[in-house]
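Colleague: just the structure for this:
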Amino acid sequence: MNDRRDVPEHLRIKREPQRGVYDRGTIDAILDEALVCHLGFEVDGQPYVIPTLHARIGDRLYVHGSAASRMLRHAASEMRVCVTVTLLDGLVLARSVFNHSINYRSVVVLGMATNVEGDEKAEALKAFTDHVAPGRWDEARQPTEQELKATWILSLPLTEASAKVRTGPPEDDPEDLDFPVWSGVVPVHLAAEPSEYDWLRVRDGRIVAP
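Modeller: Prediction:
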């Protein structure tokens with residue numbers, strides 16, 4: 001899982017290299033679980049990082065955006081981009097402030113972004129929808145031609161990707177073991193709450209109480 005022999009230098013984890021993971025199974029699982037990604041690119045020497053939706057189909061990662069986004073259009077103009085996702089799994093509280101950390105799973109994907117159209121665009125939109133709410137694509141109204149034109153989807157291959165994972169308890173220094181403070185992991189996870197607004201109705205184009 002952590003074999004770096006066939007990993008290009010620019011994808012290798014430099015700090016805490018033992019946490020680097022390079023197998024596609026782990027990378028795909030993290031991408032599939034995360035709901036939001038961050039897309040990084042450069043415009044005229046100015047770096048930008050924007051949060052957006054993503055979805056994976058096989059060996060390609062798709063990133064959602066608006067046709068009105070100047071930055072997104074620039075990112076699709078045959079330039080390299082960086083996409084990252086992070087899952088927070090726990091707060092790691094050590095006996096010293098210096099050794100506090102978090103348990104996490106993260107992925108970095110590098111590559112050339114391209115704009116997609118046609119059947120591939122429709123397939124990617126379905127993947128976005130079902131990634132957030134499985135089965136919702138078949139339940140809700142399908143997008144119109146105008147809505148499709150207003151949406152941009154970038155695609156990049158998963159040929160340049162690596163993961164970094166931290167698990168386990170705090171790494172307390174031996175001289176801190178007798179310090180009188182609790183040390184351990186507080187698990188953290190994303191949870192959906194009961195749905196909102198299910199009691200509302202639409203009347204004359206306005207949302208009103210029944």
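
Colleague: contacts, neighbours, all on C-alpha from now
Modeller: OK.

Colleague: from the contact counts, what lies against the biggest helix by length in the chain?
Modeller: If you go by DSSP state H, the chain has its longest helix at helix 118-132. Contacts of helix 118-132 with other secondary structure elements, assessed using 3 or more Cα pairs under 8 Å, 6 or more residues apart in numbering; DSSP states H and E, are made with strand 54-57, helix 136-139.

Colleague: show me what counts as buried in the last one.
Modeller: Judged by neighbour count using 16 or more other Cα atoms under 10 Å, the buried positions of helix 136-139 are residue 137.

Colleague: ok so, going back, any idea which of the helices and strands packed on helix 118-132 scores lowest on pLDDT?
Modeller: Least confidently modelled of the helices and strands packed on helix 118-132 is helix 136-139, at a mean of 93 by mean pLDDT.

Colleague: restricting to C-alpha, output it in PDB.
Modeller: Extracted in PDB, the C-alpha atoms of helix 136-139 (Å, rounded to 0.1, in the frame of the first residue of the first chain):
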ATOM      1  CA  ARG A 136     -32.000  11.300  -6.700                       C
ATOM      2  CA  TRP A 137     -31.300  11.700 -10.400                       C
ATOM      3  CA  ASP A 138     -34.100   9.300 -11.300                       C
ATOM      4  CA  GLU A 139     -36.500  11.000  -8.900                       C
END
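
Colleague: for that helix, the distance to its chain's centre please.
Modeller: With Cα atoms, centre = their mean, to the nearest Å as the basis, the distance from the averaged C-alpha position of helix 136-139 to the chain average is 22 Å.

Colleague: name the residues that touch it?
Modeller: Helix 136-139 has contacts (Cα atoms under 8 Å, 6 or more residues apart in numbering) with 126, 129, 130.

Colleague: for stretch 62-80, same thing?
Modeller: Outside of stretch 62-80, the residues within contact range by Cα under 8 Å, 6+ apart are 41-43, 52-56, 81, 110-115, 124, 128, 149-156.
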